[in-house]
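Asks: this one's structure only:
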């Protein structure tokens with residue numbers, strides 16, 4: 001699902017794209033997806049301001065190399081949902097649903113087209129802090145007067 005908050009920042013405009021994985025767009029999936037979206041509309045996808053607040057409260061979810069987009073993962077028994085939120089007015093948010101039983105998460109992507117799954121995985125890696133380098137000892141007489 002792709003959506004935005006409209007010009008006012010208070011709307012919830014969305015569109016649905018079925019990936020063509022025949023047979024997965026079941027009534028059970030539709031009901032679960034609606035439940036997930038309803039939950040998100042109470043928090044991160046309520047409106048633009050709520051999306052911004054939610055993102056800023058979770059700086060660890062910032063997608064690599066992008067200061068305006070954040071990735072979140074929701075789990076149900078049968079599916080993983082990846083949500084890409086934005087802090088920009090004229091940008092889209094996305095909700096991706098993946099069947100845990102299907103081998104879709106690691107599917108190859110065309111060059112230059114990173115999947116949101118990879119971006120979210122990368123954002124979870126916390127870099128190690130730089131090692132502190134001990135300053136060289138000053139010799140007596142160096143720079144002292």
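Replies: Yep, it's here. It should be emphasised that the depicted structure is a prediction, and the values quoted were computed from it without experimental measurement.
Asks: tell me where the chain has strands.
Replies: 2-4, 13-15, 69-75, 79-86, 93-99 (DSSP state E).
Asks: any idea which of those strands scores lowest on pLDDT?
Replies: For these, mean pLDDT drops lowest on strand 13-15, to a mean of 85.
Asks: give me the sheet partners of that strand and which way each runs.
Replies: Under the criterion DSSP bridges, strand 13-15 sits next to strand 2-4 (antiparallel) in its sheet.
Asks: which outside residues touch the partner strand?
Replies: Residues outside strand 2-4 that contact it (CB atoms under 8 Å, 6 or more residues apart in numbering): 11-15, 17, 45, 90-95. Placement of C-beta: from N, CA and C, glycine included.
Asks: now residue 11: closest residue in space that isn't a chain neighbour?
Replies: Among residues not flanking residue 11 along the chain, residue 5 sits closest, at 5.6 Å (CB to CB, 6 or more residues apart in numbering).
Asks: revised request: answer the last question for residue 83.
Replies: Excluding its sequence neighbours, the residue lying closest to residue 83 (CB to CB, 6+ apart) is residue 72, at 4.6 Å.
Asks: number of nearby residues for that neighbour?
Replies: By other CB atoms under 10 Å, the residues close to residue 72 number 18.
Asks: among the strands of the chain, which is nearest residue 54?
Replies: For these, proximity to residue 54 was assessed by CB to CB; strand 79-86 is nearest, at 6.5 Å.
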